[in-house]
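Undergrad: this is a predicted model, with the sequence first.
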Amino acid sequence: MASSVIGAPLAPFAGLAVDFLVTSIVSVGGAMLFDVVYDNKDKAISWGSNKINEANEVLSNIGNAVSDMVSGLGSVFD
C-alpha cells in the first residue's frame, strides 16, 4: 500500500521523462539519418543505377540462355 501511495503520484513524471527521451532520440536520429542520405544522394543514385543495370544484364543473360536452350530443342524432334 505504501508503494502505491508513493509511486502513483510519480508515474506521470516518469512517463513524461521517458516520452521526452524517446522523442528526442527518434527526432535527432531521424535528422542525422536524413542528413547522411542527403549528403550522399549522388552516390546512392549512382549505386542504384548500377544495380539496375546489373539486374538488367543478368535478366538478359537468362533470356539468352533460355532462348538458346529452346532453339536447340528443335533439333531433337528432327
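TA: Arrived safely, thanks for sending.
Undergrad: chain center to stretch 50-63, what's the gap?
TA: 22 Å (CA atoms, centre = their mean, to the nearest Å).
Undergrad: neighbouring contacts of it?
TA: For stretch 50-63, there are no external contacting residues (CB atoms under 8 Å, 6 or more residues apart in numbering). To be clear about C-beta, it is placed using only N, CA and C from the backbone, and glycine gets the same treatment.
Undergrad: what is the mean pLDDT for it?
TA: For stretch 50-63, the mean pLDDT works out to 92.
Undergrad: could you export it as CSV, CA atoms only?
TA: This file holds the C-alpha atoms of stretch 50-63, laid out as CSV (Å, rounded to 0.1, in the frame of the first residue of the first chain):
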residue,chain,number,x,y,z
ASN,A,50,24.5,0.4,-61.3
LYS,A,51,22.3,-2.2,-59.5
ILE,A,52,19.5,-1.7,-62.0
ASN,A,53,22.0,-2.1,-64.9
GLU,A,54,23.4,-5.3,-63.4
ALA,A,55,20.0,-6.7,-62.9
ASN,A,56,19.1,-5.9,-66.5
GLU,A,57,22.3,-7.6,-67.7
VAL,A,58,21.5,-10.7,-65.6
LEU,A,59,18.0,-11.0,-66.9
SER,A,60,19.2,-10.5,-70.4
ASN,A,61,21.7,-13.3,-70.0
ILE,A,62,19.0,-15.6,-68.6
GLY,A,63,16.8,-14.8,-71.6
